[in-house]
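In: pasting the sequence and the predicted model now:
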Amino acid sequence: MKLENTKQTWQGSFSYLEDHSNLVQHIEVPFIMQIEEKEGSFFGTSVDDESKEVFDQPAMVTGFFEENMVSFILKYPYSYYRNEEGVLIVDKNKEHPDIHYTGFYDPDSQDFQGNWELVLDKIFFGNDYLEEVLQGPFEMKRIK
């Protein structure tokens, strides 16, 4: 998919498991992403319905488009998460892990669909390590 060098608005959603005991119930979170794209690379901001009440500034995004693929990293201003009781916990003294998104253009639905991934923790074992990872689906469509 060929995109022009311009400011763009994208609308989409990401989903994550409600809890680890229920592997089929997802929470879907809508977002709006404002980017400036130049020669395939882009940077901008993202605001989602879950975190917009938590932060006084938007999340930052950097990424690129390559043929029918989009890849970007989303970075929240600081750490927040939902605890086991479903309550949002904010820690302004802790950095939020990068969230990596990769998706592919679907010409039928005219949007990008893919997965996001967040590494929560790394445990080292000699020369190797084990990662605790959260992941889920996302989709997004250019609206402006």
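Out: Thanks, I have it. Residues are numbered from 1 along each chain as shown.
In: distance from stretch 95-107 to the middle of the chain?
Out: 5 Å (CA atoms, centre = their mean, to the nearest Å).
In: and stretch 115-125, by the same measure?
Out: The answer for stretch 115-125 is 15 Å, by CA atoms, centre = their mean.
In: residues of it that come out buried?
Out: W116, L118 (16 or more other CB atoms under 10 Å). Bear in mind the C-beta positions are built from the backbone N, C-alpha and C, glycine included.
In: so where's the chain uncertain?
Out: 1-5, 19-24 (pLDDT under 70).
In: in it, where's the longest strand?
Out: Longest strand of the chain, by residue count under DSSP state E: strand 22-38.
In: what's next to the next helix or strand after it, contact-wise?
Out: With elements assigned by DSSP states H and E, the helix or strand that comes after strand 22-38 is strand 41-48. Applying CB atoms under 8 Å, 6 or more residues apart in numbering, the external contacts of strand 41-48 come out as 8, 14, 29-36, 58-65, 72, 74.
In: I'd like to know which of the residues you listed are buried.
Out: 8, 14, 29, 31-33, 35, 58-59, 61, 63, 65, 72, 74.
In: take these and write them to a markdown table, including distance to L134.
Out: Putting the buried ones among the contacts of strand 41-48 into a markdown table (distance: CB to CB, whole Å) gives the following:
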| residue | distance to L134 |
| --- | --- |
| Q8 | 27 |
| F14 | 11 |
| V29 | 13 |
| F31 | 17 |
| I32 | 22 |
| M33 | 20 |
| I35 | 24 |
| P58 | 21 |
| A59 | 16 |
| V61 | 18 |
| G63 | 19 |
| F65 | 25 |
| F72 | 17 |
| L74 | 13 |
